[in-house]
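A.B. asks: here is the input, now give the coordinates:
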Amino acid sequence: MVARIIVTFTTILMILIFIKLVQAESRVPCFFIFGDSLLDNGNNNNLNTTARANYPPYGVDFPGGPTGRFTNGRNMADILAHVLGFGNFIPPFASASGRDILKGVNYASGSAGIRNESGSHLGTCIFMDWQLKNHQETISQIVNLLGNKDATNAHLNKCLYSVGIGSNDYINNYLMPEKYQSSHLYTPSQYATLLTQQYAQQLKTLYGDGARKVVLFGLPQIGCIPQMLQTQKIRTCVDSTNEAVQLFNDKLKSLVNELNNNFTDAKFTIVNIYSMSSLFSGLSFLNFPCCNVSKTVAEGQCVPNTAPCPIRAAHAFFDNFHPTETGTMVAILRAYYSLLPSDTYPMDINHLLLSGLLGG
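C.D. replies: You can find the predicted model right below:
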């Protein structure tokens, strides 16, 4: 009972802060989003995959009901766009069209990874390299809308870009030795290096396509998610998994230093989701999923057309993988205005936008 009161009080406080943060007009003219199911807002709906969320109880608290977002309400992309001052949701690439693309496009895809094969056992996904190709297609459309490449480059340089990817390279790759060879071929350190090297090339491609303000979401404590706890039949986090994930996060920090040193006309920053998620690692009551999860097809996702828990704000997770809207809101607010020095590196999103390069 006490725990639920604490959660409710925290939720109300965060909502009040959130309302205060919302801008009267957008701080950037455009917002482009890359990543996995934490950011996907409908790109997987018509793909041949079990990694879809366009059915109840997903979207139970979203104005349009189920839309393909893997949570009860808004996801990370939605909340960050709202804080930035956008009046409408950034459209998914699957349905974006016309002049709407000038304000941004969401390319994220559930089960996608840095590596092309990650998540492939679930079906088709739009992996990071494919998302970058989709972005180049968007850029060609923007050239047509604005009339020339110079105007397009000037526009793209003013945008904010967010990338949240890598979890599936562990959950749906390295941690599945029965389906993927990666854990047989590489030690955790070697695999983290391999991922970082491929990610570096992808981020350099993004820079080459005009990105100058880039927010990277680090990986969470995957060893603490409900799916991991249920699979291992334990109540405490899997330390070996968290240690492997943190190897990647450490290398990501070094990569950001390298990118910022090499591309002086751009800024890259990391949101330390791992540190933020440590809040839940010791609170087992928060790590129970809100919905009834499937144990067969689409394992760990919500069973279609079942009722979720009544108090979503009292749960960190909606299903076995994805946070509730409340948990996401807390993370985005700390990403925007760092609560602790460890929340972001080398700066929070607010300071990223103030750093003087947008439009300059």
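A.B. asks: what's the first helix or strand after the longest helix anywhere in the chain?
C.D. replies: Longest helix of the chain, by residue count under DSSP state H: helix 239-262. Scanning forward in sequence from helix 239-262 by DSSP states H and E, the next helix or strand is strand 267-271.
A.B. asks: and the contacts of that next one?
C.D. replies: The contact list for strand 267-271 (C-beta atoms under 8 Å, 6 or more residues apart in numbering) reads 203, 212-218, 249, 252-253, 256, 259-260, 331, 334-335, 343-349, 352, 355, 357. Bear in mind the C-beta positions are built from the backbone N, C-alpha and C, glycine included.
A.B. asks: out of those residues, which sit inside helices?
C.D. replies: Short answer: the contacts of strand 267-271 in helices (DSSP H) are 203, 249, 252-253, 256, 259-260, 331, 334-335, 349, 352.
A.B. asks: just the buried ones from those, in ChimeraX syntax?
C.D. replies: Per 16 or more other C-beta atoms under 10 Å, the buried members of these correspond to this ChimeraX selection:
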select :203,249,252,253,256,259,331,334,335,349,352
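A.B. asks: any idea of the mean pLDDT in stretch 301-319?
C.D. replies: In this model, stretch 301-319 carries a mean pLDDT of 95.
A.B. asks: just the CA trace of that stretch, in CSV.
C.D. replies: Output in CSV follows, covering the C-alpha atoms of stretch 301-319 (Å, rounded to 0.1, in the frame of the first residue of the first chain):
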residue,chain,number,x,y,z
GLN,A,301,3.9,-9.5,-25.3
CYS,A,302,0.3,-8.8,-24.1
VAL,A,303,-2.2,-11.5,-24.9
PRO,A,304,-4.6,-9.9,-27.4
ASN,A,305,-7.9,-8.5,-26.2
THR,A,306,-7.3,-9.1,-22.5
ALA,A,307,-7.8,-6.6,-19.7
PRO,A,308,-4.7,-4.9,-18.4
CYS,A,309,-4.1,-3.9,-14.8
PRO,A,310,-6.4,-1.1,-13.5
ILE,A,311,-3.6,1.1,-12.1
ARG,A,312,-1.0,1.4,-14.9
ALA,A,313,0.9,4.1,-13.1
ALA,A,314,1.8,1.5,-10.4
HIS,A,315,3.7,-0.6,-12.9
ALA,A,316,7.1,0.1,-14.5
PHE,A,317,6.3,-2.4,-17.3
PHE,A,318,3.3,-2.8,-19.5
ASP,A,319,4.3,-6.2,-20.9
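A.B. asks: report the buried residues of that stretch.
C.D. replies: Buried, per 16+ other C-beta under 10 Å, within stretch 301-319: 301-303, 308-309, 312-319.
A.B. asks: likewise for stretch 82-100?
C.D. replies: Applying 16+ other C-beta under 10 Å to stretch 82-100 flags 82-84, 86, 89-94, 96 as buried.
A.B. asks: contacts only, for the nearest residue to residue 100 once chain neighbours are set aside.
C.D. replies: Closest residue to residue 100 apart from its sequence neighbours, by C-beta to C-beta, 6 or more residues apart in numbering: residue 91 at 5.7 Å. By C-beta under 8 Å, 6+ apart, residue 91 lies in contact with 41, 97, 100-101, 105-106.
A.B. asks: between those residues, which sits nearest residue 222?
C.D. replies: Of all those, residue 222 sits closest to residue 41, with 22.3 Å by C-beta to C-beta.
A.B. asks: the closest one: neighbour count?
C.D. replies: 28 (other C-beta atoms under 10 Å).
A.B. asks: what ranges do the strands span in the protein?
C.D. replies: Remark: strands assigned in the chain by DSSP state E are 31-35, 160-164, 213-217, 267-271, 344-345.
A.B. asks: contacts for the first one?
C.D. replies: Contacts of strand 31-35 from elsewhere in the structure, counted by C-beta under 8 Å, 6+ apart, are 39, 77, 80-81, 84, 86, 90, 103-109, 112, 128, 131-132, 135, 159-165, 206, 211, 217.
A.B. asks: the same query, at a cut-off of 6 Å, please.
C.D. replies: Strand 31-35 is contacted by residues 39, 77, 81, 90, 104-108, 131, 159-165 when judged by C-beta atoms under 6 Å, 6 or more residues apart in numbering.
A.B. asks: what of the shortest one?
C.D. replies: Applying C-beta under 6 Å, 6+ apart, the external contacts of strand 344-345 come out as 269-271, 338.
A.B. asks: neighbour-wise, which of those residues leads?
C.D. replies: Of all the contacts of strand 344-345, the most densely surrounded is residue 271 (26 neighbours; neighbours counted as other C-beta under 10 Å).
A.B. asks: could you measure from that residue over to residue 147?
C.D. replies: Residue 271 sits 36 Å away from residue 147, going by C-beta to C-beta, to the nearest Å.
A.B. asks: same question for residue 203.
C.D. replies: Distance of residue 203 to residue 147, given as C-beta to C-beta: 29 Å.
A.B. asks: for residue 69, same thing?
C.D. replies: Residue 69 sits 35 Å away from residue 147, taking C-beta to C-beta as the criterion.
A.B. asks: give me the more crowded residue out of these two.
C.D. replies: residue 69 (30 against 10).
A.B. asks: so what's the residue count around the nearest residue to that one once chain neighbours are set aside?
C.D. replies: Once flanking residues are discounted, residue 69 sits nearest to residue 75: 4.8 Å by C-beta to C-beta, 6+ apart. Other residues near residue 75 come to 31 when the count uses other C-beta under 10 Å.
A.B. asks: is it true that residue 75 touches residue 68?
C.D. replies: No. Contact criterion C-beta atoms under 6 Å: residue 75 and residue 68 do not qualify, at 9.7 Å.
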